[in-house]
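A.B. asks: sequence first, predicted model second:
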Amino acid sequence: MLAQERQNHIVSMLEERGTVRTIDLATEFAVTDETIRRDLQTLAESNQLTRIHGGACSRSGRPRLQSFSERSSLNIPNKQAIAQAAMEWIHPGRTYAFDSSTTAFALVSALPDLPYRVVTNAFGVLQQLVSMQNVQVISTGGGYHPKTHTFVGNDSTETLRRHHIHTAFISSIGFDLKRGASEGFEEQASYKERLLQYAEEVVLLIDSSKFQQRSEYYFAGIRDIDHIITDSGISEALARDIRSTGLILTIADKS
């Protein structure tokens with residue numbers, strides 16, 4: 001990979017994550033730490049990032065809020081693997097909630113037409129399921145946020161109170177073992193926080209690039225989540241650390 005191409009990837013990663021570490025970039029691009037340090041210095045000199053100890057951060061210091069379309073094009077094989085692993089939770093006669101994450105949408109896209117209920121604040125989920133004959137689809141309503149294709153606000157959170165939700169399938173921009181799951185959009189974080197209060201079981205669908213990342217608004221601690229499903233990109237050490245907390249961790253096989 002040419003230096004310019006690698007640097008473009010680094011800028012894209014900063015937009016998604018907010019911060020990156022030199023050691024992680026060296027591993028991801030299979031180059032030396034010194035090569036990455038030169039890349040970061042070049043990008044800093046052109047005002048595309050800010051150097052910090054051990055890595056770099058975006059100019060704002062936090063991830064840019066990406067549109068649903070932008071997020072849909074990221075890590076597609078990993079999201080599909082996670083969705084297939086999550087299918088074992090889907091059974092007739094139960095009520096499921098889905099957020100507006102593209103990882104949850106990968107699961108929605110694979111759902112069979114069976115008699116269960118779906119509660120969602122995601123426009124994409126409504127579009128995907130509305131033509132099914134057996135699925136009962138319930139929109140939370142609320143104000144529409146066009147960039148994230150999400151219904152948010154008091155109306156959407158109040159709707160959750162009226163429903164018995166067996167399993168909530170959610171994702172997040174970041175997840176760290178100290179504080180849990182975080183979002184970059186405050187109203188979406190508030191919605192997810194309320195959803196977790198009403199769901200019997202919470203399944204976090206998260207691709208491995210989100211681990212040890214932190215966004216602006218935390219909505220779930222370790223004890224608020226019952227099960228994590230991720231892809232095989234997770235390190236063995238982190239998998240052990242997650243399991244040591246008592247969380248159930250499923251690692252999806254992309255094959």
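C.D. replies: Nice, thanks for sending it over. In this text the structure is predicted, and so the values were computed from the model without any measurement.
A.B. asks: quick one: low-confidence ranges for the stretch 51-200 of the chain?
C.D. replies: 60-75 (pLDDT under 70).
A.B. asks: all strands in it, in order from the N-terminus.
C.D. replies: 55-57, 95-98, 117-120, 136-139, 143-145, 150-152, 165-170, 174-176, 180-183, 199-205 (DSSP state E, counting those that start in this stretch).
A.B. asks: which residues touch the second one?
C.D. replies: When contacts are taken as Cβ atoms under 8 Å, 6 or more residues apart in numbering, the neighbours of strand 95-98 outside the stretch itself are 89-90, 104-105, 107-108, 116-120, 122, 125, 160, 163-170, 195, 199. In this view, the C-beta of every residue, glycine as well, is placed from N, C-alpha and C.
A.B. asks: before we move on, what about the first one?
C.D. replies: Outside strand 55-57, the residues that touch it by Cβ under 8 Å, 6+ apart are 10, 14, 18-25, 40, 43-44, 49-50.
A.B. asks: helices - which of those residues land there?
C.D. replies: Of the contacts of strand 55-57, the ones assigned to helices by DSSP state H are Ile10, Leu14, Thr22, Ile23, Asp24, Leu25, Leu40, Leu43, Ala44.
A.B. asks: before we move on, back to that, mind giving me the PyMOL select for the contacts of strand 95-98, buried ones only?
C.D. replies: In PyMOL syntax, the buried subset of the contacts of strand 95-98 is picked out as below (16 or more other Cβ atoms under 10 Å):
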select buried, resi 89+90+104+105+107+108+116+117+118+119+120+122+125+160+165+166+167+168+169+170+195+199
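A.B. asks: coming back round to it: mind checking the strands of the stretch 51-200 of the chain for the one nearest to Ala81?
C.D. replies: strand 199-205 (10.5 Å; Cβ to Cβ).
A.B. asks: for the next helix or strand after that closest one, output the C-alpha coordinates as CSV.
C.D. replies: Next along the chain after strand 199-205, taking DSSP states H and E as the criterion, comes strand 217-220. What follows is strand 217-220, C-alpha atoms only, in CSV (Å, rounded to 0.1, in the frame of the first residue of the first chain):
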residue,chain,number,x,y,z
TYR,A,217,-22.4,9.7,25.3
TYR,A,218,-22.5,6.5,27.3
PHE,A,219,-25.8,4.6,27.5
ALA,A,220,-24.9,1.2,28.9
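A.B. asks: show me where the stretch 51-200 of the chain has its helices.
C.D. replies: Remark: helices assigned in the stretch 51-200 of the chain by DSSP state H, counting those that start in this stretch are 68-72, 76-86, 102-109, 123-129, 154-160, 186-198.
A.B. asks: from the contact counts, what lies against the longest one?
C.D. replies: When contacts are defined as 3 or more Cβ pairs under 8 Å, 6 or more residues apart in numbering; DSSP states H and E, helix 186-198 sits against strand 150-152, helix 154-160, strand 165-170, strand 180-183, strand 217-220.
A.B. asks: what helices or strands is the first one leaning on?
C.D. replies: Put plainly, it is strand 150-152. strand 143-145, helix 186-198.
A.B. asks: do the fourth one as well
C.D. replies: Taking 3+ Cβ pairs under 8 Å, 6+ apart as the contact definition, the neighbouring helices and strands of strand 180-183 are strand 174-176, helix 186-198, strand 217-220.
A.B. asks: save these as TSV, and put in distance to Asp231 too.
C.D. replies: Output for the helices and strands packed on strand 180-183, formatted as TSV (distance: least, Cβ to Cβ, whole Å):
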stretch	distance to Asp231
strand 174-176	13
helix 186-198	21
strand 217-220	20
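A.B. asks: nearest to Ala3, of the ones you listed?
C.D. replies: Using Cβ to Cβ, the nearest of those to Ala3 is strand 174-176, at 28.1 Å.
A.B. asks: check which helices and strands that closest one sits against.
C.D. replies: Packed next to strand 174-176, using 3+ Cβ pairs under 8 Å, 6+ apart, are strand 180-183.
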